[in-house]
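Enquirer: turn this into a structure:
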Amino acid sequence: MAELRKSQLETTLPLKLQAYERLSMFCERIAIPNLLLRIRKDGMTAGELRVALLLAIQQEYEHNITQQVYVSEQLWQIIKMARDEAVNMIALVAEKVGSKAEGKELAQALFNVVNQREALAVEKALSAIKKEAAIVL
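Expert: Below you'll find the predicted structure:
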């Protein structure tokens, strides 16, 4: 029985560690400043930027959704909260700025909101990933 358990651990541990790595990358990629650096192009309207940002988050999420199999339910909920916070922040700020405004105006408004927040859900998610990975190791 102990040999079976050891064999299972040898099989699942690399998969779990890969899931933690991928979810860490997901969090980094959906962080608003990183998204803006990657997605924003000169000449975009705020409406175009909003759509591009939300689409990027959705694509990242869909690309990593299967990782939930390898992490705790609690961690997966934290990951989803980080995604939801980013989506909601973009939607709310974009609504205030207006879709006809320049994309750089939306980008600046998002940077301002991010800088005013004490702890973002993405940062909490990264911390939770590190804690859970440390337990597995």
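Enquirer: so where does the residue nearest the centre of the chain fall, helix or strand?
Expert: Taking CA atoms, centre = their mean as the criterion, residue 27 is the residue nearest the geometric centre of the chain, at 3.2 Å. For residue 27, the host element (DSSP states H and E) is helix 2-30.
Enquirer: that helix: what's the following helix or strand?
Expert: Next along from helix 2-30, by DSSP H and E: helix 32-39.
Enquirer: I'd like the average pLDDT over that following helix.
Expert: What helix 32-39 shows for mean pLDDT is 97.
Enquirer: the helix or strand following it versus helix 32-39: what angle between them?
Expert: Downstream of helix 32-39, the next assigned helix or strand under DSSP H and E is helix 46-64. Angle of helix 46-64 versus helix 32-39, following axes from the mean of the first three to the mean of the last three CA atoms, to 10 degrees, is 100 degrees.
Enquirer: the following helix or strand past helix 46-64: which residues count as buried?
Expert: Remark: after helix 46-64, the chain's next helix or strand is helix 73-97, criterion DSSP H and E. For helix 73-97, a neighbour-count test (16 or more other CB atoms under 10 Å) marks 75-76, 78-79, 82-83, 85-87, 89-90, 93-94, 97 as buried. (C-beta placed from N, C-alpha, C; glycine too.)
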